[in-house]
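*Asks:* Structural data only, the sequence is not supplied:
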């Protein structure tokens, strides 16, 4: 059963992951009420309005690998799938460690190089 919106747990976990990155912000996407996460006003995570999934940017080849390895959890999303984004279903038990890794990859692909260097230096400290 799909929830009527993102659960408080999903929102809290996703906010904790996404807003930990330098200059990451939360803002709704278009006319939707579900949050999206951006860096320098560029999207790196979009949460579905009903809370059933999210989309994020993937490195070249990663989308195909994830979808073919586990099509129950990963899918090619409409509109942005052709640009290398991957969908993650949140309607079954979620591996939040894996989601955090995918979100970080998406952030690194979208963020300016200076912010990626800042992230790396913060992690080294």
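*Replies:* The structure has been received and is ready for your questions. Note that this is a predicted model, so its numbers are computed, not measured.
*Asks:* contacts for the host helix or strand of residue 107?
*Replies:* Element membership of residue 107, judged by DSSP states H and E, is helix 96-110. Outside helix 96-110, the residues within contact range by C-beta atoms under 8 Å, 6 or more residues apart in numbering are 13-14, 17-18, 21, 24, 37, 39, 42-45, 54, 56-59, 62, 86, 88, 116, 119. For every residue, glycine as well, the C-beta is placed using N, CA and C.
*Asks:* Which of these are buried? Put it as a ChimeraX command.
*Replies:* Paste this into ChimeraX to select the buried members of those, with burial taken from 16 or more other C-beta atoms under 10 Å:
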select :13,14,17,18,21,24,37,39,43,44,45,54,56,57,58,62,86,88,116,119
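*Asks:* In helices only, show me the contacts of helix 96-110.
*Replies:* Judged by DSSP state H, the contacts of helix 96-110 include 13-14, 17-18, 62, 116, 119 as members of helices.
*Asks:* May I ask which two of the residues you listed are separated the most?
*Replies:* Pairwise distances across the ones in helices among the contacts of helix 96-110 peak at 22.8 Å for 13 and 116 (criterion: C-beta to C-beta).
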